[in-house]
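K.L.:
Predicted structure and sequence below. I'll ask about it afterward.
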Amino acid sequence: MNYIAEDTKSKKIKKLALMLQNLDVNIYIYGDEGVGKTFLANFISNGIIIENFDNLKSFPKTDKRIIAIGSKPLSTNLKEKFDITIEIYLESLQNRPKDLKEFINYFILEAKKELKLKDDFKVNVDISKNLNSLKREIYKSALCKIDTKREMIKILETYFDEHYNDSSYNEELKLFDEAIIKSLQKKYKSKLQIAKYLKINRATLSKKVEEIENKLN
């Protein structure tokens, strides 16, 4: 497993992580959502990974070394109780510009491979949730590059193969209603224009819009 580290602080963390792969010490990794805490924990690998460690009410019992993950620094009591000797803080992507550039390239290549795209595409960069939002926006940009409905249907088929749950047929259709209506609301100013485009009456459209707004609230 490769660990992306181009910024100076990230390179130091990677160097430390390589050392920790062979040391039997307990570790705590913390930082904001999506900064790569779990990825770093898996890179270190040799240990039991415990997520949301700083918010747990009860803790698993284990004789093996732990790699704990959280969002904020640990109290002295917790560090002493679990013999945590190494703390690693991961900064947000906005403070890691060289890492960000590498992650953008990585996710673009990953999206092109998974979606079988040959051409490059314009990327919308969103790091409000760090890697989580970055990856999501890049994949959305990649999906917009698909130019045939047949290709999109194949992607949706793969998605439902992996994610379909016990929801009803009508519930799944409402997701498509929501996507189409939100898209048209950006294009047209009035419900009348949207209703004409969709070839449905205005009352039906109003009902769908109301359902979407209630869902969001």
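P.N.:
Nice, I can see it.

K.L.:
who's in contact with the residue nearest to the spatial centre of the chain?
P.N.:
Closest to where the C-alpha atoms of the chain average out (C-alpha atoms, centre = their mean) is N132, at 2.7 Å. The contact partners of N132, taken as C-beta atoms under 8 Å, 6 or more residues apart in numbering, are 33-34. Where C-beta positions appear, they are placed from N, C-alpha and C, glycine not excepted.

K.L.:
Tell me if I am right that it is in a strand.
P.N.:
No. The assignment for N132 by DSSP: H, G, I helix; E, B strand; the rest coil gives helix, which leaves it out of any strand.

K.L.:
can you list the domain ranges for the protein.
P.N.:
8-91, 92-164, 165-217 (automatic domain parsing).

K.L.:
what's the pLDDT at the residue nearest to the centre of the chain?
P.N.:
With respect to pLDDT, N132 has a value of 95.

K.L.:
roughly how far apart are it and V25?
P.N.:
Computed as C-beta to C-beta, to the nearest Å, the N132 to V25 distance reads 29 Å.

K.L.:
Which stretches in this protein count as strands?
P.N.:
Along the chain, counting by DSSP state E, strands occupy 26-31, 48-50, 66-70, 84-90.

K.L.:
looking at those strands, which is buried most?
P.N.:
Neighbour counts (mean count of other C-beta atoms under 10 Å) averaged over each of these peak at strand 66-70, with a mean of 24.

K.L.:
name the helices or strands packed onto it?
P.N.:
Counting contacts by 3 or more C-beta pairs under 8 Å, 6 or more residues apart in numbering; DSSP states H and E, strand 66-70 is packed against strand 26-31, helix 37-44, strand 48-50.

K.L.:
what do you get if the cut-off is 10 Å, keeping everything else the same?
P.N.:
strand 26-31, helix 37-44, strand 48-50, helix 76-81, strand 84-90 (3 or more C-beta pairs under 10 Å, 6 or more residues apart in numbering; DSSP states H and E).

K.L.:
In a markdown table, list the ones you listed along with mean pLDDT.
P.N.:
What follows is the helices and strands packed on strand 66-70, written out as a markdown table (pLDDT from 0 to 100):
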| stretch | mean pLDDT |
| --- | --- |
| strand 26-31 | 96 |
| helix 37-44 | 95 |
| strand 48-50 | 92 |
| helix 76-81 | 91 |
| strand 84-90 | 96 |
